[in-house]
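> missing the sequence, but the structure's below:
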């Protein structure tokens, strides 16, 4: 076995920073000299007291830590590093007689240990394995962060309607039953399904998503139930598990369930009833413990009447139904959502946008959002990317103006504005970018006051902080009858 001093020279290949904590001058110098040939930065400390203090400056990717450092114990250093929140891998160096102490170090969070006299091959393997594992952990953290940004756990619910949806979802999460989520495209049905899964007893098990409308018809059965070798041309794997097997003990989310072919609806019904199925080309019955959450943006009852969806499957799915209202019916959620998306894309694009101009707010609140939350998120992503200042302006959102607008009646606008809890003395005014009549604005203001006071002219006058005579004159000018609001 090759020892440290017999190692041949190697070129620098890895962009890592290593820290050696060793009080033996000969061993420390030898380790630094050798590792510096393989890694870009190698630091060596002999004093255990300096390790934690210099750690933020050195920022090592890995630590080689001797257990005995003169009068100090390397385990104390390791424990202090972990208590300070440093998670980098630590490889402990120990004498053969100190194996029990090395095991204790592993329990404290050490990645591995090397026994003196140090064997080069063992050292190389231990360092490379520790760095690889650390990189994998960081990669997983980045993927989890990306997933959190794309599918945030927290559902923003300011409106009463969405708060009611979340309350129902939490109730159903505790009951292990099939759930059907309905709502327009982009309302967040998958996010709600994840919410149910996360609050259920299956939270630690897999959450598997399959979009029934995105898989080719001829591959749908194999995607759902898997296949065995020879089931079809190209089926070379002995066993290929389907989504239901992958979701065992967890939750499977069948998005756009209305797009599932009729012949597969029969097999899905059997899975829901029997919790079993056969792989494509297989003879053995597979048992699974899976909770099914389905979602659709279509009227399944209407599809049943048209013969496009099986009636028995519809009634099996229609046990517990949650309807997610479109964004236009819950305008209170628009600004909180938009703000959350700004924060998300600030991080992604390294921006420092703090909010929206009043004109931009008016545009966001009056826009119809036919694509719902998904369209809003895409619009904010584009705005954050394009905006050069710290505030998103109406001009930056000008691409929204080219879309068709939904004309709203005065009553509809009033119903929307009632959802905003404006403080005393504050008002909200939104006008079309194409212009609006001054008289129509005044008329609408008077009608809103009468609606709030239920047609009481005196109260409406006090509400608008004008005299009764002046209000009555205005009502005559605009031909408004207070009785129609009583």
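Arrived safely. It should be emphasised that the depicted structure is a prediction, and the values quoted were computed from it without experimental measurement. Numbering: from 1, shown residues only.
> residue 223 and residue 44, how far apart?
Here residue 223 is placed at a distance of 55 Å from residue 44 (C-beta to C-beta, to the nearest Å). For the C-beta atoms, the positions are set from N, CA and C on the backbone; glycine is no exception.
> actually residue 475, sorry about that
Taking C-beta to C-beta as the measure, residue 475 falls 88 Å from residue 44.
> now for residue 285, how many residues are close by?
10 (other C-beta atoms under 10 Å).
> before we move on, what about the one 5 residues further on?
For residue 290, the tally of surrounding residues (other C-beta under 10 Å) stands at 21.
> so what's the spatially closest residue to it that is not a sequence neighbour up against?
Excluding the flanking residues, the one nearest residue 290 by C-beta to C-beta, 6 or more residues apart in numbering is residue 247, at 4.9 Å. Going by C-beta atoms under 8 Å, 6 or more residues apart in numbering, residue 247 touches 205-208, 288, 290.
> filter these down to the buried ones, PyMOL style.
To isolate the buried ones among these in PyMOL, judged by 16 or more other C-beta atoms under 10 Å, type:
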select buried, resi 205+207+208+288+290
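> just the closest of the contacts of residue 247 to residue 199, please.
The closest of the contacts of residue 247 to residue 199 turns out to be residue 207 (C-beta to C-beta; 11.9 Å).
> what's the spacing between the residue nearest to residue 459 when sequence neighbours are not counted and residue 468?
Excluding its sequence neighbours, the residue lying closest to residue 459 (C-beta to C-beta, 6+ apart) is residue 453, at 3.9 Å. Distance of residue 453 to residue 468, computed by C-beta to C-beta: 12 Å.
> equivalent analysis for residue 215, please.
Distance of residue 215 to residue 468, computed by C-beta to C-beta: 68 Å.
> what of residue 139?
The gap separating residue 139 from residue 468 is 71 Å, by C-beta to C-beta.
> one more: residue 357?
In this view, residue 357 and residue 468 are 38 Å apart by C-beta to C-beta.
> ok, the two, which is more surrounded?
A count of neighbours by other C-beta under 10 Å puts residue 357 above the other of residue 357 and residue 468, at 16 against 13.
> which ones are touching the residue lying closest to the more buried one once chain neighbours are set aside?
Residue nearest to residue 357 in three dimensions, not counting chain neighbours: residue 393, with 4.8 Å by C-beta to C-beta, 6+ apart. Residue 393 makes contact with 356-357, 359-360, 387 under the criterion C-beta under 8 Å, 6+ apart.
> pretty sure residue 217 contacts residue 261?
Yes - at 5.6 Å, residue 217 counts as touching residue 261 under the criterion of C-beta atoms under 8 Å.
> identify the residue nearest residue 242 in space, chain neighbours excluded?
residue 226 (3.3 Å).
> and that neighbour, how close does it get to residue 438?
According to C-beta to C-beta, residue 226 stands 67 Å off from residue 438.
> next: residue 354.
Look at residue 354 and residue 438: by C-beta to C-beta, they are 33 Å apart.
> so those two - more neighbours on which side?
residue 354 (12 against 7).
> you'd agree that one is up against residue 391?
Yes - using C-beta under 8 Å, residue 354 makes contact with residue 391 at a distance of 6.2 Å.
> show me where the stretch 151-300 of the chain has its strands.
179-182, 207-211, 227-228, 239-240, 251-255, 276-278, 285-287, 291-296 (DSSP state E, counting those that start in this stretch).
> and the third one, what does it pack against?
Taking 3 or more C-beta pairs under 8 Å, 6 or more residues apart in numbering; DSSP states H and E as the contact definition, the neighbouring helices and strands of strand 227-228 are strand 239-240.
> from the chain's centroid, how far away is the strand it packs on?
In this view, strand 239-240 has its centroid 30 Å away from the chain centroid, taken as C-alpha atoms, centre = their mean, to the nearest Å.
> got it, and stretch 24-34?
How far stretch 24-34 lies from its chain's middle: 47 Å, per C-alpha atoms, centre = their mean.
> tell me the mean pLDDT for it?
Mean pLDDT, stretch 24-34: 91.
> can you give me the buried ones in it?
If you call a residue buried by 16+ other C-beta under 10 Å, then stretch 24-34 has these buried ones: 24, 27-28, 30-32, 34.
> the host helix or strand of residue 460: what's the following helix or strand?
In this structure, residue 460 sits in helix 457-464 according to DSSP states H and E. Counting by DSSP H and E, the element after helix 457-464 in chain order, helix or strand, is helix 468-477.
> next, the buried residues of that following helix.
Buried residues in helix 468-477, counted by 16+ other C-beta under 10 Å: 471, 474-475.
> can you put the residues you listed in JSON lines and add distance to residue 80 and pLDDT?
Output for the buried residues of helix 468-477, formatted as JSON lines (distance: C-beta to C-beta, whole Å; pLDDT from 0 to 100):
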{"residue": "471", "distance to residue 80": "75", "pLDDT": "86"}
{"residue": "474", "distance to residue 80": "76", "pLDDT": "83"}
{"residue": "475", "distance to residue 80": "78", "pLDDT": "86"}
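> make JSON lines out of these and add distance to residue 82.
Putting the buried residues of helix 468-477 into JSON lines (distance: C-beta to C-beta, whole Å) gives the following:
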{"residue": "471", "distance to residue 82": "72"}
{"residue": "474", "distance to residue 82": "73"}
{"residue": "475", "distance to residue 82": "75"}
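> and which of those is nearest residue 319?
Taking C-beta to C-beta as the measure, residue 319 sits nearest to residue 475 out of these, at 53.6 Å.
> the closest one touches residue 446, doesn't it?
Yes - contact criterion C-beta under 8 Å: residue 475 and residue 446 qualify, at 6.6 Å.
> can you give me the buried ones in the host helix or strand of residue 134?
Assigned by DSSP H and E, residue 134 falls within helix 120-150. Neighbour-count burial for helix 120-150 flags 120, 123, 126-127, 130-131, 134 (criterion: 16+ other C-beta under 10 Å).
> any idea how far residue 286 is from the residue nearest to residue 242?
Distance from residue 226 to residue 286, counting by C-beta to C-beta: 8 Å.
> contacts only, for the nearest residue to residue 481 once chain neighbours are set aside.
What sits nearest to residue 481 in space, not counting adjacent residues and going by C-beta to C-beta, 6+ apart, is residue 475, at 7.8 Å. Neighbouring residues of residue 475 by C-beta under 8 Å, 6+ apart: 446, 457, 481-482.
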